[in-house]
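# Fold the following, please.
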Amino acid sequence: MSSVRRPLLTATAAGTLLGALWFVPSANATQDSPARTEPSAQATTQARVTTTSAETSTDDTRLADTGSFDTTPYVVGGTLFLTLGAGFVVYSVRRERLGF
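Numbers count the residues shown, from 1 in each chain. Okay, here's the model as predicted:
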């Protein structure tokens, strides 16, 4: 590869990386639906149960159940990019040893 194409290849790789990072999800704490204005009976009952149990034990802390999210795309993407990076390193070392 000529030295003229190297900056072009570097710029293309950097642009591709920045383009891929554009789609990484951000940690915004916004709601998709409007908030409820009146409290539900279930929330009131849970608050009473929490208050009663908090009076008997000071270490009883309840956290909101936010559910879990699917990590499969992140694991697959991370593995793919790790493999791609390792391949570039192997290719680079091979080219250097062969004198290209």
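
# I'd like the mean pLDDT over the helix or strand that contains Glu96, please.
Taking DSSP states H and E as the criterion, Glu96 maps to helix 72-98. For helix 72-98, the mean per-residue pLDDT is 92.

# Look at Leu8 and say how many residues are nearby.
Close neighbours of Leu8, defined as other Cβ atoms under 10 Å, add up to 9. All C-beta atoms are positioned from the backbone trio N, CA, C, and that covers glycine.

# Contacts only, for it.
The contact partners of Leu8, by Cβ atoms under 8 Å, 6 or more residues apart in numbering, come to none.

# For it, give its distance to Ala14.
Look at Leu8 and Ala14: by Cβ to Cβ, to the nearest Å, they are 11 Å apart.

# swap in Gly85?
14 Å.

# just Pro25 next, same as before
For Pro25, the distance to Ala14 - Cβ to Cβ - is 22 Å.

# more neighbours, the two?
Between Pro25 and Ala14, counted using other Cβ under 10 Å, Ala14 has the larger neighbour count: 10 against 7.

# roughly how far apart are the more buried one and Tyr91?
18 Å.

# With that, I have no additional questions.
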